[in-house]
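# show me how the following folds:
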Amino acid sequence: MLPEHATLRRQLEEHRYFADQGLLTAIRLSIALRRPLLLEGEPGVGKTQVAHVLAAALERELIRVQCYEGIDASQVLYEWDYLKQLLRLRTAEAEGHTVGNLYADEFLLERPLLRALRSATGSVLLIDEIDRADSEFEAFLLEFLDGFQITIPEVGTIGATVPPLVVLTSNRTRELHDALKRRCLYHWIPFPDAERERAIVEAQAPGLSARAAARLVASVNVIRSLGPTKRPGIAESIAWAQGSLALADEGTEWSQALRASLGLVLKSEEDGALVAAHASEVFGADDR
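All right, here's what the predicted structure looks like:
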C-alpha cells in the first residue's frame, strides 16, 4: 500500500528531516513496492540520515552495514560459533552423550543481513557507501535483494519474516553495476534549495534566528559556487550553524563566530584560502 504523501512528510519532519518532493515520492514507492532504495549524491546531503529517520518514523529497528574495501559476505551474513560447537563436541565425548546437531540455531551468529531477514517486526537495513565495497560484494548482494533470502548450506534457504526496507547509499567514488541498479529504485539527492536548507538549519540549531539562518545558508551557497575541493553539504551547514551559535552565545560577535568556526565547513587549507580571497562575497553583512 502506498503511504500518503502528507503523512510521510509529517513523519519525517517530526524527526527534523525535510525531504523534497522527489525524495518523498521515491521513499513512498520503495515502501509500497518493497524495492531497495538506492540514494546517490555528494557527501553531506543527507543520504545516510534517510535510513535513520525512516527507522525512527516507522518504529523499525535500524540495521547498518558500513561498506569498505575488502568487505565480504561472511562479515554481513552469518558465522558459526566454532568455539561453542567444539565445546559441545568435547563435552559429549567426555560424558558419552550424542553430539546432537552442531548446526542448530544456538550455534548460529547473526550478522546484519541475516538479522534483518529474521526480524519479526521488520527493519530498515542501511547498506552505507556501497561504492566503497568491491564488485564481488555487489554481486553477492544480488540474491539477497532479489528475494530477500539467503542460503546457508547447513540449514537451507532463509527468507524474510517481514521484508526489510533497504536503503543503499553511494557517493559515486566508482560506478555501480547495472545489475544492482536494476534491482533498486534510484534517486539522486541534490543540494537543497535555500528555503529548505534554512528550515533544516533552524531545526537542527535551536535558537538561531531566521535572519541568521538565511545569512548562513547564503554564505554556504556562495562557498559552493566558488568551486572548493570539497563542496560543503547539509551536514556542514548544520555544524557551522551549531558551532557559530555556541560561540555567539558566549558573547562572540556573530560575524566573528562565523569566521572562527569555518573549520566546521571547510576541510582543506586551499579551501580556506579560497574563502579568504572572497570574504566579502561569502560573509556579506553578517547578522544574528
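
# check which helix or strand Val282 maps to.
Using DSSP states H and E, Val282 sits within helix 279-283.

# show me what that helix is packed against.
helix 210-225, helix 254-260 (3 or more CB pairs under 8 Å, 6 or more residues apart in numbering; DSSP states H and E). C-beta here means a position set from N, CA and C on the backbone, and glycine is covered the same way.

# count the residues that sit near Ser74.
Using other CB atoms under 10 Å, Ser74 has 9 other residues around it.

# low-scoring stretches of the protein, by residue?
1, 285-288 (pLDDT under 70).

# strands of that one, start to end?
Counting by DSSP state E, one finds strands in the chain at the ranges 37-40, 61-66, 78-80, 108-110, 123-128, 149-152, 156-159, 165-170, 185-188.

# can you tell me which of the ones you listed is nearest to Ser219?
Ser219 lies closest to strand 185-188 among the strands of the chain, at 24.8 Å (CB to CB).

# contact partners of that closest one?
22-23, 26, 29-30, 33, 35-41 (CB atoms under 8 Å, 6 or more residues apart in numbering).

# pull up the pairing partners for that strand, direction included.
strand 37-40 (parallel) (DSSP bridges).

# neighbours around the nearest residue to Arg115 once chain neighbours are set aside, how many?
Closest residue in space to Arg115, ignoring its immediate chain neighbours: Ile63 at 5.7 Å, by CB to CB, 6 or more residues apart in numbering. Using other CB under 10 Å, Ile63 is surrounded by 22 other residues.

# as TSV, the helices and strands packed on helix 279-283 with distance to Leu77 and mean neighbour count would be great.
Output for these, formatted as TSV (distance: least, CB to CB, whole Å; neighbours: other CB atoms under 10 Å):
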stretch	distance to Leu77	mean neighbour count
helix 210-225	40	19
helix 254-260	48	18
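
# need those in TSV with distance to Leu87, can you?
Putting those into TSV (distance: least, CB to CB, whole Å) gives the following:
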stretch	distance to Leu87
helix 210-225	58
helix 254-260	59
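
# wait, isn't Ile31 in contact with Pro3?
Yes: judged on CB atoms under 8 Å, Ile31 makes contact with Pro3 at a distance of 5.7 Å.

# for the residue sitting nearest the centre point of the chain, which residues are in contact?
Centroid-nearest residue in the chain: Thr48, 1.5 Å away (criterion: CA atoms, centre = their mean). Neighbouring residues of Thr48 by CB under 8 Å, 6+ apart: Leu126, Asp128, Thr169.

# now stretch 192-212: buried residues?
Pro192, Glu197, Arg198, Ala199, Ile200, Val201, Glu202, Ala203, Gln204, Ala205, Leu208, Ala212 (16 or more other CB atoms under 10 Å).

# which of these sit farthest apart?
Top of the distance list for those (CB to CB): Pro192 and Ala212, 17.7 Å.

# quick one, what contacts the nearest residue to Arg183 once chain neighbours are set aside?
Using CB to CB, 6+ apart and skipping residues adjacent in sequence, the residue nearest Arg183 is Leu145, 4.6 Å away. Applying CB under 8 Å, 6+ apart, one finds that Leu145 lies in contact with Pro36, Val166, Leu180, Arg183, Cys184.

# now for Tyr17: which residues touch it?
Contacts of Tyr17 by CB under 8 Å, 6+ apart are Gly46, Gln49, Val50, Val53.
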